[in-house]
Structures are given as C-alpha cells and as structure tokens.
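Enquirer: predicted model follows, preceded by the sequence.
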Amino acid sequence: MTMLRPGSTIVVAGGAGFIGSHLCDRLLQDGYRVIAIDDLSTGNSSNIAHLSAEDGFTFVEGDIVSDGTSALLDRAVDREDVSAVMNFASPASPPAYLERPLETLAVGSTGTWNLINYALTVGARFFMASTSEVYGDPLEHPQVETYWGNVNPIGERSVYDEAKRFSEALVSSHQRSVGLDARIVRIFNTYGPRMQPDDGRVVTNMVHQSLVGKPLTIYGDGSQTRSFCYVSDEVDGIVRLLQSDVTSPVNIGNPNEFTIRELATVIAEVLEVELSVEYLPLPSDDPKVRQPDISRARELLGWEPQVQLADGIRRMVESLR
Ligand code: UDP
C-alpha cells in the first residue's frame, strides 16, 4: 500500500457537493487537513457549514475550469503540504447536467486538466471521481471494469458521460506519459443525507414525494434497474482506493439491483405510506440496467457495502426530519 502522509493536506474539488462533503468529513476524521474548492453551482455551502469551525478545514470558492485554479489553491495551502487532489467537481444528477451542458463538458475536460496539472506541479496523487455512466446503456450486465460501454456520443446525456470518459482518458494518458500517480473510481448511484431536495434523482424525488403525500413518479414503465449505494459505503470505498496502489478504474457501488418499481415499493414501505405512482415519459438514452461487478473492489480493496436499501432510506429520512 502506498498510503498518503498522515496529517497532510488533501484538496477536494466539489467539496461542497453531496459525495464531496461526506468525503471531506471522512478525511478530516482520518486526520488529514482538507481544502474544499467548489463554485457552489450545484454544491451547497450548507453541506460544509458544520466544518467551518474545524481547524483542519478550509473552503475556497472557485471554479476549477478557470485558469486561476492553482493560484487560488496556492493562496490556501503550501504546495509541499498537499498529498492528494481529488476531483469530485461536476453536476451529477441528470436534470442538473442537462441544464448545464457546456459547463458539464468544461468541468470534465478543462477542469480535470487544470487539477491534473496542479497535482503534477505539487507532486500529489490525483484521484478522479468517474461514474457508471461511462458504461452508458450497457450491453454487458453486470458491468465489469473491462467493459468499454455503450454511449451515444451525440445524445443529451453525452455531456456527462463523455465528459467523464474524457476525464478518464486524460488521467490514463498522464499516467502513461508523465507517470501521474492516479486512481479512478467509477461511482454507481449513491444516496443519503445532503442530496439537494430538488436534485431530480429518483431516490430524492421519491423520498420527498412520500414525505408530502404525493404520488411517486416513475419514468417509463419502471422496469429499468439501478443499484443503490449508501453514501457512507461509497465514501469508504473511495478512501480505500485512494490509499491503495490500484491505478486502474474500480467500480464502487452496491451490487443489489432493483427495478424502479421495486424501489418505489421499498420507499413507500419505509415511509409507511400507501404506494401510489404517477407514470411519466422516460428520458432519452436512459440506461435500461445498471449493476456493478465489484469483484475488483472486494479483492483489491477488501471493500464490501454494509448498508442495504431499506436501512439506508431510513437513515436518509431520519436526517431529513
Ligand atoms: N427516475 C424515475 N422517477 C424519478 C426520477 C428518475 O423513475 O422521479 C428514473 C430514471 O428515469 C432512471 C432511474 O430512475 O431510470 C434513475 O434515475 P436518476 O436520475 O436517479 O439517476 P441515473 O441513474 O439515471 O443517473
């Protein structure tokens, strides 16, 4: 294992986002100092408000797409203190990236490139938050890391999928050409406290609809599947990968697969509401199935998700109340 220096500083881009903010919590608990950088376009300062008094935490408001990123970071931290740069900056829910198509392409290309250059300059490890969306509407099921994916390059969703694929390409080419010390995680659908109530994702929508007594919205016929990972499990897998010497992409997600209709049933049961659903049109290029093969994470990281769906939904609802 090539562990990071204890007590060193880790830069988390997108640190005010959903997964990014949970990651900041965990890194601080593990004894690192954390610089979160976020432009607050889809992230929210309320996600990190509880950290503002923490000695080891600094927030920098800024956009990693802009040229001035390293200057901004240089004002916040001495270069030699930085041991890792983690890129969690991007709109991530489908409505959020469809509203910001060019920004999403920019952050996954120029933004990632700027952060890689910063990591190279300061001699830090680079960590890329990629996504199961690199597999597109998969023709192989479950998805193994060696599968290349099935993405429509000109479809609406391509702004996210191709941006993340480009990020992976950038990281890989820097690994080959200049020996960038890098890790790539492919994150599958993740849920838990701090998801923005209006982020439009299926778990958020259905939990909030149940809380206010509205029918649960199902897009299409609800036979499409997803595999939902609770955020503490996701972050634990991410940290294990960060500390490992695994330099090829690793899927981190919960392999328990549900149809969207089954998800609605679980959410209604946990919230003790009678199930009522409203069927709406399926968004374009919506993947029909998605389930991670996590053999690589099990074998190389000793990682296994602990929180199952009903329990995770219960925890999420408790935190909302
Ligand atoms: N979906 C749904 N109802 C909603 C929101 C989403 O049925 O209110 C569907 C969506 O079409 C997709 C799945 O749930 O098939 C997961 O959508 P989400 O936006 O959470 O994430 P994705 O996996 O598509 O990125």
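Expert: Received the coordinates, thanks.
Enquirer: from residue 289, how far out is the residue in the stretch 51-200 of the chain positioned nearest to the ligand?
Expert: Closest residue of the stretch 51-200 of the chain to the ligand, Cβ to the nearest ligand atom: residue 94 (4.5 Å). Placement of C-beta: from N, CA and C, glycine included. With distances defined as Cβ to Cβ, to the nearest Å, the gap from residue 94 to residue 289 amounts to 16 Å.
Enquirer: how about residue 163?
Expert: Relative to residue 289, residue 163 is positioned 22 Å away (criterion: Cβ to Cβ).
Enquirer: just residue 176 next, same as before
Expert: Residue 176 sits at a distance of 32 Å from residue 289 (criterion: Cβ to Cβ).
Enquirer: then residue 208?
Expert: 26 Å.
Enquirer: please apply the same query to residue 296.
Expert: Residue 296 sits 19 Å away from residue 289 when distances are taken as Cβ to Cβ.
Enquirer: quick check: next helix or strand after the helix or strand hosting residue 129?
Expert: Under the criterion DSSP states H and E, the helix or strand holding residue 129 is strand 125-131. Per DSSP H and E, the first helix or strand lying C-terminal to strand 125-131 is helix 158-178.
Enquirer: near the ligand, which residues of the stretch 151-300 of the chain? Just list them.
Expert: Applying the criterion Cβ under 6 Å from any ligand atom, the portion of the stretch 151-300 of the chain that neighbours the ligand consists of 189, 201-202, 205, 217-219, 224, 226, 260, 282-283, 286.
Enquirer: mind running it again at 8 Å?
Expert: Proximity of the stretch 151-300 of the chain to the ligand is confined to 189, 200-206, 209, 216-220, 222, 224, 226, 260, 263, 280, 282-283, 286-287, 290 under the rule Cβ under 8 Å from any ligand atom.
Enquirer: buried subset of the residues you listed, written for ChimeraX?
Expert: The ChimeraX command for the buried members of those (criterion: 16 or more other Cβ atoms under 10 Å) is given here:
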select :189,200,201,202,203,204,205,206,209,216,217,218,219,222,224,226,260,263,287,290
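Enquirer: in strands, which of the residues of the stretch 151-300 of the chain next to the ligand appear?
Expert: Taking DSSP state E as the definition of strands, those contribute 216, 217, 218, 219, 226, 280.
Enquirer: which pair in the residues you listed has the greatest spatial separation?
Expert: In these, the most distant members under the criterion Cβ to Cβ are 226 and 280, with 16.4 Å between them.
Enquirer: quick check, residue 216 in contact with residue 275.
Expert: Yes: in this structure, residue 216 is within contact of residue 275 by Cβ atoms under 8 Å, at 7.2 Å.
Enquirer: joint contacts of those two?
Expert: With contacts taken as Cβ atoms under 8 Å, 6 or more residues apart in numbering, residue 216 and residue 275 have 264, 268 as neighbours in common.
Enquirer: could I get the contacting residues of the residue lying farthest from the centre of the chain?
Expert: Ranking residues of the chain by C-alpha distance from their mean position (Cα atoms, centre = their mean) puts residue 274 at the top, at 31.6 Å. Under the criterion of Cβ under 8 Å, 6+ apart, the contact partners of residue 274 comprise residue 268.
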